[in-house]
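Chemist: can't give you the sequence, but here's the structure:
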């Protein structure tokens, strides 16, 4: 399965974002972005997780934060390799806009997941878009070279990226009749899930 990954080389131009910034600041106050320090990483990770479950918990894919093994795995990363991760918090005045979870490697930021406050989302305020735009500005100021959205060919990634590349996932089945049935079922499930998730993501961000 081939997947498109979207990337933006930093720094970024301030295009299509001025109206978003104006809308949210006029409604809630000045925007700010901050990175969790080591002692805050796990707490912010769980706060992000609560928002992630609210968004994805009832979708076909579900939320990884509903899986204790997933949560424990990332808690271990945060505790043992805090310099390899960054959790950003975006606020407008006193109002939370979003959290973003990033992996940092070779002066590149890799977007892993986010927790979005959709209570403030309107047709003119897109909290997910604001998170990505401000995070890109933040990482540019830190001297990073690129902002990688990783997997998922979603509309907001297209609008904020200036480069894409492909990666391929390969699944192998045996030639037995049962395996062939499973393979066919797997293709149908993946196709339906991707369509539903893509629709949900495009409506949300």
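Modeler: Everything's here; your move. Just so we're clear, the structure is a prediction, and the values are computed from it rather than from any experiment. Residues are numbered from 1 along each chain as shown.
Chemist: Tell me the secondary structure at residue 103.
Modeler: strand (DSSP: H, G, I helix; E, B strand; the rest coil).
Chemist: and the closest residue to it other than its chain neighbours, what are its bridge partners?
Modeler: Leaving aside its chain neighbours, residue 103 sits nearest to residue 110 (4.3 Å; criterion: CB to CB, 6 or more residues apart in numbering). No exception for glycine: its C-beta is placed from N, CA and C like everyone else's. Beta-bridge pairing for residue 110 (DSSP bridges): residue 103, residue 148.
Chemist: Neighbours of residue 110, how many?
Modeler: 17 (other CB atoms under 10 Å).
Chemist: Same check on residue 145?
Modeler: Neighbour tally, residue 145, other CB under 10 Å: 13.
Chemist: pLDDT score for it?
Modeler: Here, the pLDDT recorded for residue 145 equals 89.
Chemist: before we move on, what about residue 8?
Modeler: Listed pLDDT for residue 8 reads 54.
Chemist: just the strands in this protein please.
Modeler: 2-9, 31-35, 85-92, 95-105, 108-116, 146-150, 163-168 (DSSP state E).
Chemist: circling back: if I look at the residue nearest to residue 103, how far off is residue 70?
Modeler: Taking CB to CB, to the nearest Å as the measure, residue 110 falls 17 Å from residue 70.
Chemist: My read is that residue 120 contacts residue 23, right?
Modeler: No: using CB atoms under 8 Å as the test, residue 120 is too far from residue 23 to be in contact (10.4 Å).
Chemist: Flag the shaky bits of the protein, pLDDT-wise.
Modeler: 1-17, 173, 179, 186, 189-205 (pLDDT under 70).
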